[in-house]
Each structure stands twice: as C-alpha cells, then as structure tokens.
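# take a look and give me a structure for this.
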Amino acid sequence: MFKKLFGKDKEVSKDIEVYAPMTGEYVKIEDIPDPVFAQKMMGEGFGIEPTEGHVVSPINGKVDNVFPTKHAIGLKADNGLELLVHVGLDTVQLDGEGFEVEVASGDTVSVGDPLLTFDLEHIKSNAKSIVSPVIITNSDQAASVHIEDAQALVKGETKLADVTMS
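Numbers count the residues shown, from 1 in each chain. Model prediction:
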C-alpha cells in the first residue's frame, strides 16, 4: 500500500550498461599499476589511459560523492550499482590541483554528462600514473559483471560493461 502512495511501485531494472567515462585506451584491471585496484580490493572494473582531460558519466544515476581533492567521483545507479571514477593514480596528493569538477553530490546525471575536467599534462608530470581506474565498488552485490575487451574508447559512447545487480 505505501509503495503505491509514494510512487515506489516502479520496477527498477537490475541490468545496467557502463560506458567509457573517458576517451583513451582500455586497460585491464589486472594491468592497472596499483595493487589496490589490480587485485580488485575495491571491486571489479577496468582502467583507461586517457588521451584527453574530460570525464563524463558512464551511467545514468546520481552523483554520490565528489572527493574534496577532485580526483575521483562516486556515482550510484537507481538499481544500487555503485561506481568510482578515479582519475590517475596517487592523484589524491595533488590536492585538487589540475582538476575542475562540474557536478555536485546529489546531482542526477545521464551517460555522457560532463563530470569533471583535468589537466592531462599536469597529471602525467605530477602523479604516479595517468591510468584511471573505473571500479564497481559494490561488485560483491552484483549477480554478474561482464567487462568488454575493448581497445580505443570514446567517452560516453563505448560500452565497457554489462552488470546485473542481485
């Protein structure tokens, strides 16, 4: 009864497609040069070696968390999928320098909507690596995760994963 009163009777699909948040080269998660990501300690996912400094939303959902250091954004889909888009490695130490965030926590986003921009050369010069992990932080709650074996990626266009939430 309460579901009907509050409009919660819409069934949310458990299936979701994850698109490339950056243009660049696909990197297998195991090849990300950081053991926390490569050993899937934070979850299943993939990496991207970006060729330009723009990050767009890889899913339809909400901005869950904008890190104060601007190097990463957490997103959440209606079906519960949680995604972390992390620009470069050890970029937290840059303390926001070279990053410009275009969204705020709570914003609703669609695939391809701008999330942030970054100075690619600044990150290459000042961080451990430009390889950028995209991690399903609650992949333990997914019934299935299929990562595509892609090559050249186009932000907001190249589909990289099919995820079915439990």
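# and for stretch 152-164, what are the contacting residues?
The contact list for stretch 152-164 (Cβ atoms under 8 Å, 6 or more residues apart in numbering) reads 14-26, 45-46, 48, 54-58, 81, 111-112, 134, 136, 139, 142-148, 150. (Each C-beta comes from the backbone N, C-alpha and C, glycine too.)
# quick check, central residue of this protein?
Nearest residue to the geometric centre of the chain (Cα atoms, centre = their mean): residue 85, 3.1 Å.
# just to be sure, it is in a strand?
Yes: counting by DSSP: H, G, I helix; E, B strand; the rest coil, residue 85 falls inside a strand.
# ok, now how distant is it from residue 11?
Going from residue 85 to residue 11 by Cβ to Cβ, to the nearest Å gives 27 Å.
# okay but residue 124 is in contact with residue 118, surely?
No: look at residue 124 against residue 118 with Cβ atoms under 8 Å: they stay out of range, at 10.5 Å.
# ok, and the closest non-adjacent residue to residue 36?
residue 42 (6.2 Å; Cβ to Cβ, 6 or more residues apart in numbering).
# quick one: low-confidence parts of the chain?
Low-confidence segments of the chain (pLDDT under 70): 1-10.
# do a quick rundown of the helices in the chain.
If DSSP state H is used as the criterion, the helices of the chain fall at 2-5, 35-38, 120-126.
# for residue 70, find the nearest of the ones you listed.
Closest approach to residue 70 among the helices of the chain (Cβ to Cβ): helix 120-126, 11.4 Å.
# ok now that closest one, how far from the chain's centre?
For helix 120-126, the separation from the chain centroid amounts to 20 Å (computed by Cα atoms, centre = their mean, to the nearest Å).
# contact partners of it?
For helix 120-126, contacts defined as Cβ under 8 Å, 6+ apart pick out 50-53, 87-88, 91, 94, 97-98, 130.
# do a quick rundown of the strands in this structure.
For the chain, strands defined by DSSP state E occupy the ranges 15-19, 24-28, 44-50, 54-56, 61-66, 72-76, 82-86, 99-101, 108-109, 114-118, 132-136, 142-147, 152-153, 159-165.
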